[in-house]
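Trainee: Sequence and predicted structure, then a few things I'm wondering about:
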Amino acid sequence: MNNFTIPILMYHSIESVSRSTVMKSLHVSPRKFAFQMWILKALGYKGLSISKLRPYLEGKKTGKVIGITFDDGYQNNLINAAPILRKYNFTATCYLVSRRIGSYNTWDIDKGIPKRPLMNQLEVKEWINFGLDIGAHSQTHTLLEDLSEQEFQDEIFNCKVDLEEMFNISITDFCYPFGRFNETLIDMVKEAGYITATTMIRGRASTQSNKLKLPRIPINYNTLTHLFLAKILTKYEDKR
Ligand SMILES: [Zn+2]
């Protein structure tokens, strides 16, 4: 089996923000996002959600593919990113915080990060109707490592249950809140029935990657075009 590199991009909010915004790195402007998707298309990549990427990660399919993920479920993903993804016939996975749907990024507020609306139930349905996927990002976006076993079990298992009941679709993809995980959490994610889990470990995924700790490539406010290309096409991220 060949060891194909399969980059998985990690986005959060797709919105234009001012330079002085706290944690502006979480935001990519719609213009920049559109240009990045255009670059991928021009390079011959097909942008895929994690579930559509899985056969490639398993070595069952080969091709020039790249994973596209959005953490947290911002409303601006639907407004600003979904139309661009559709334009290029790409799919993507948006990881939702099941008990914060229709609310805002409550977990960021004590860090001075501005409030941003998260998609409500109808908007998530629209996202799904665009042919885009959703995944689980826990119930409340808390630091799972700090919780008791009962609590983190609820966050992991019941997020899946919440989303499956709300949207009547099977949820197979998890994303660790704050990218934090340990062996106990990995076991729990597996036991809950998830097939993949993404982290904030930097690097390009491959057919050799453990599917329950997939590395990703952060794309943020400061990712200029040359860096975007280096992150995808070179070993730039792999040793970080
Ligand atoms: Zn998050």
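Mentor: Okay, I see it. Residues are numbered from 1 along each chain as shown.
Trainee: okay, CA-based contacts and neighbour counts for the rest of this
Mentor: Will do.
Trainee: Contact partners for residue 93?
Mentor: Counting by CA atoms under 8 Å, 6 or more residues apart in numbering, residue 93 touches 49-50, 68-70, 132-135.
Trainee: Identify the bridge partners of residue 47.
Mentor: Applying DSSP bridges to residue 47 yields these beta-bridge partners: residue 66.
Trainee: so which of the contacts of residue 93 comes closest to residue 146?
Mentor: residue 135 (22.3 Å; CA to CA).
Trainee: which residues does the closest one form a beta bridge with?
Mentor: The partner residues for residue 135, given DSSP bridges, come to residue 95.
Trainee: per-residue confidence for it?
Mentor: Predicted confidence (pLDDT) for residue 135: 98.
Trainee: and it, how many neighbours?
Mentor: 31 (other CA atoms under 10 Å).
Trainee: repeat for residue 217
Mentor: Neighbours of residue 217 (other CA under 10 Å): 26.
Trainee: same check, this time on residue 124
Mentor: So residue 124, with other CA under 10 Å, has 25 neighbours.
Trainee: That one looks like it's in a helix, true?
Mentor: Yes: under DSSP: H, G, I helix; E, B strand; the rest coil, residue 124 sits within a helix.
Trainee: circling back: between the contacts of residue 93, which is nearest the ion?
Mentor: Nearest to the ion out of the contacts of residue 93 is residue 70 (CA to the ion; 8.7 Å).
Trainee: ok, now how distant is the closest one from residue 20?
Mentor: Residue 70 is 23 Å from residue 20, where distance means CA to CA, to the nearest Å.
Trainee: Sitting in helices, which of the contacts of residue 93 do you find?
Mentor: Counting by DSSP state H, the part of those found in helices is residue 50.
Trainee: Adding distance to residue 106, write the contacts of residue 93 out as a markdown table.
Mentor: Output for the contacts of residue 93, formatted as a markdown table (distance: CA to CA, whole Å):
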| residue | distance to residue 106 |
| --- | --- |
| 49 | 26 |
| 50 | 26 |
| 68 | 24 |
| 69 | 21 |
| 70 | 17 |
| 132 | 25 |
| 133 | 23 |
| 134 | 20 |
| 135 | 19 |
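Trainee: Where neighbours are concerned, which of the contacts of residue 93 has the most?
Mentor: residue 135 (31 neighbours).
Trainee: Surely that residue is in contact with residue 97?
Mentor: No: the criterion here is CA atoms under 8 Å, and residue 135 misses it with residue 97 at 9.0 Å.
Trainee: Quick one: residues in contact with stretch 8-28.
Mentor: 29-30, 33, 66-74, 76-77, 80-81, 112-114, 204-205, 215-222.
Trainee: now do stretch 145-154
Mentor: Contacts of stretch 145-154 (CA under 8 Å, 6+ apart): 139, 144, 180-182, 185, 188.
Trainee: just stretch 33-45 next, same as before
Mentor: Against stretch 33-45 from outside (CA under 8 Å, 6+ apart): 14, 46-47, 64-66, 81, 84-85, 88, 225, 228.
Trainee: Tell me which two of those residues sit farthest apart.
Mentor: Most distant of the contacts of stretch 33-45, by CA to CA, are 14 and 64, 24.5 Å apart.
Trainee: which one of those two has more residues nearby?
Mentor: residue 14 (25 against 15).
Trainee: how far away is the nearest residue to that one once chain neighbours are set aside from residue 17?
Mentor: Leaving aside its chain neighbours, residue 14 sits nearest to residue 28 (4.9 Å; criterion: CA to CA, 6 or more residues apart in numbering). Remark: distance between residue 28 and residue 17 (CA to CA) = 8 Å.
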